[in-house]
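Novice: sharing a sequence plus its predicted fold:
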Amino acid sequence: MPKIEVFAEDVKINQRTMPGKDGKPPRAIYEQDAYIYCEGKFPTLMKLSLEEGQPPYAAGLYTFHGSSYIVNNFGNPELKKIRQSAQSIGGRTLMLNEMRAIQYRGGIAFVTRADEPTHQCKECYKPWFESDLSIVLGEKFIKCPNCSSRVRKLTDKAPLIRY
Ligand SMILES: [Zn+2]
């Protein structure tokens, strides 16, 4: 599974302006450098997209998260695409344009789906989607696929714990 590393010197936001297309005004892009380990010994520079006002990701090693979107949405075909784009644009891949980062306490989940997670683990804080979770008859609670702890349903009053 690919890993993404953020180095201490890259804990900063790079802002650039994208010219507007089709008469639309230009818009600001917020990015952060990171390195992705796909295959081979050396990581490839990539750009993490940030929302306006979002703090940069902390230094550290991040991994892709969530079994279902890695298998279904971020399996081999997607990984091939990363390598191709990395080659075609000189190692600078924008693969996270296809993915969305969800910050949660303890890490970042990269997802390819646009909707919001519905559950969160009470121990490791990983967010989950309904389709990631298997509800086993006879079990008292829904288990986290990552750490087997209890998973709670997210509500307006008890939303995702992000920080
Ligand atoms: Zn967990």
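Specialist: Yep, that arrived. Keep in mind that this is a model prediction, so the values were computed, not measured. Numbers count the residues shown, from 1 in each chain.
Novice: so what's the residue located most distally from the centre of the chain up against?
Specialist: No residue in the chain sits farther from the centre than Gly138, which is 32.8 Å out by Cα atoms, centre = their mean. Gly138 makes no contacts at all, as judged by Cβ atoms under 8 Å, 6 or more residues apart in numbering. Bear in mind the C-beta positions are built from the backbone N, C-alpha and C, glycine included.
Novice: buried stuff in the longest strand along the chain?
Specialist: Ranked by residue count under DSSP state E, the longest strand found in the chain is strand 27-37. Under the neighbour-count criterion of 16 or more other Cβ atoms under 10 Å, strand 27-37 has 30-37 buried.
Novice: ok, now stretch 48-55?
Specialist: For stretch 48-55, by 16+ other Cβ under 10 Å, it's 48, 50.
Novice: pLDDT value on the residue most central in space within the chain, please?
Specialist: Nearest to the geometric centre of the chain sits Phe110, at 1.8 Å (Cα atoms, centre = their mean). Looking at Phe110, its pLDDT reads 74.
Novice: doesn't it fall inside a helix?
Specialist: No. Per DSSP: H, G, I helix; E, B strand; the rest coil, Phe110 lies outside any helix segment and is strand.
Novice: now do the SS call for Pro117.
Specialist: Pro117 ends up coil, using three-state DSSP.
Novice: oh, and call the first residue 32 from now on, that's how I've got it
Specialist: Right, with 32 as the first residue, what we last looked at is Pro148.
Novice: give me the neighbour count for the closest residue to it other than its chain neighbours.
Specialist: With sequence-adjacent residues excluded and distances taken as Cβ to Cβ, 6 or more residues apart in numbering, Pro148 is closest to Pro158, at 3.6 Å. For Pro158, the neighbour count with other Cβ atoms under 10 Å is 25.
Novice: relative to the ion, how far out is Val142?
Specialist: 16 Å (Cβ to the ion, to the nearest Å).
Novice: wait, that residue sits on Tyr135?
Specialist: No. With contact taken as Cβ atoms under 8 Å, Val142 and Tyr135 are classed as non-touching, separated by 11.2 Å.
Novice: element containing the residue farthest from the centre of the chain?
Specialist: Counting by DSSP states H and E, no helix or strand carries Gly169.
Novice: any idea how far it is from Ser180?
Specialist: Distance, Gly169 to Ser180, by Cβ to Cβ, to the nearest Å: 18 Å.
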